[in-house]
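>>> need the 3D shape of this:
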Amino acid sequence: MQKEILHGTHKEHPLVFRATGRSFSCDGCKCGGVGSCYRCNFCDFDLHEYCAMSPPTATFAFHGQHPLTLERAAVVENLFTFERALLRGENLCKCDLCNTPIKGMHYSCRPCDFDVHPVCSRLPAAAVSPLHPEHLVMLTLAKPMACMRCDTLCEWRYRCAPCKVNLHPRCLLGSDKTPLNIPKENCHRSSGLFWS
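Model (predicted):
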């Protein structure tokens with residue numbers, strides 16, 4: 001791991017690696033974080049470690065059709081539609097895995113209209129949940145079904161097929177934490193728990 005980097009999202013100064021337990025807001029993906037990050041103290045600029053090191057294109061098991069391209073900001077196709085959505089308090093782009101708004105850099109597949117936060121792209125294909133410790137649950141895309149924790153519909157979910165258990169990625173741990181150990185109200189702090 002590099003102790004100091006130059007990054008395209010912050011050209012003014014180098015970013016220095018910090019391994020602290022403090023919380024921060026990632027200036028790349030615009031999601032909250034805690035722990036390791038790359039930081040510019042002069043500008044109060046932080047990047048998740050993974051956002052700082054994200055490759056420009058990547059292939060992920062959960063979207064094998066095409067490579068995903070790292071985009072520096074949320075894509076706005078139509079300014080009029082964007083302004084109307086803002087006035088109504090809507091967000092046009094959501095992460096297909098965690099279903100929360102995308103406000104900054106993210107991976108995108110334009111032909112499939114598939115978008116994902118860089119930290120969500122690190123979700124494991126299989127995990128153990130304290131809500132269903134009997135079997136591994138697998139990250140799956142299928143017709144909407146109710147999540148056993150929050151009882152809302154989920155397409156992308158962790159599933160145990162034999163037991164018919166479905167869990168949103170954000171509900172996997174059965175607590176107020178997401179699969180990446182992120183408090184739900186501050187989505188996307190990166191440090192994993194319970195991964196196989």
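>>> now the most centrally placed residue in the chain, nearest residue through space, not along the chain?
Nearest residue to the geometric centre of the chain (CA atoms, centre = their mean): Cys120, 2.8 Å. Closest residue in space to Cys120, ignoring its immediate chain neighbours: Leu97 at 4.3 Å, by CB to CB, 6 or more residues apart in numbering. In short, each C-beta sits where N, CA and C put it, glycine included.
>>> repeat that for Glu134.
Here the residue nearest Glu134, using CB to CB, 6+ apart, is Cys163, at 7.0 Å.
>>> cool, and Pro144?
Leu153 (4.0 Å).
>>> for the one you found, give me its contacts.
Each residue near Leu153 by CB atoms under 8 Å, 6 or more residues apart in numbering is listed here: 144-147.
>>> let me know the average pLDDT across stretch 102-119.
Confidence for stretch 102-119, expressed as mean pLDDT, is 89.
>>> and what of stretch 162-175?
Here the average pLDDT along stretch 162-175 is 83.
>>> show me which positions of that stretch end up buried.
165-173 (16 or more other CB atoms under 10 Å).
>>> before we move on, what about stretch 105-120?
Result for stretch 105-120 [16+ other CB under 10 Å]: buried residues 105-109, 114-120.
>>> and it, how far out from the chain's middle?
9 Å (CA atoms, centre = their mean, to the nearest Å).
>>> next one: stretch 32-39
Computed by CA atoms, centre = their mean, the chain-centroid distance of stretch 32-39 equals 14 Å.
>>> mean confidence score for it?
pLDDT averaged over stretch 32-39 gives 87.
>>> next: stretch 70-85.
Here the average pLDDT along stretch 70-85 is 59.
>>> what segments of this structure are helices?
For the chain, applying DSSP state H gives helices covering 49-53, 79-87.
>>> so which of the buried residues of stretch 162-175 sit within strands?
If you go by DSSP state E, those have 165-167 in strands.
>>> reformat those as CSV; add distance to Val34.
What follows is those, written out as CSV (distance: CB to CB, whole Å):
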residue, distance to Val34
Val165, 28
Asn166, 28
Leu167, 22
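>>> which single one of those is nearest to Phe24?
Leu167 (27.7 Å; CB to CB).
>>> run through the bridge partners of the closest one.
Judged by DSSP bridges, the bridge partners of Leu167 are Tyr158.
>>> so it sits against Arg157, correct?
Yes: at 5.9 Å, Leu167 counts as touching Arg157 under the criterion of CB atoms under 8 Å.
>>> so what's in contact with those two at the same time?
Cys147.
>>> and the contacts of stretch 161-171?
Residues contacting stretch 161-171 (CB under 8 Å, 6+ apart): 97-100, 120, 123, 129, 131-132, 134-135, 137-139, 145-150, 152, 154, 156-159, 178-179, 184, 187.
>>> next up, phi/psi of the residue nearest to Cys120, please.
Per-residue torsions, Leu97: phi -90, psi -50 (degrees, to the nearest 10).
>>> residue contacts, it?
62, 116-117, 120-121, 123, 156, 169.
>>> out of those, name the ones that lie in strands.
116, 156.
>>> quick one: which of the contacts of Leu97 is nearest Cys37?
His117 (15.1 Å).
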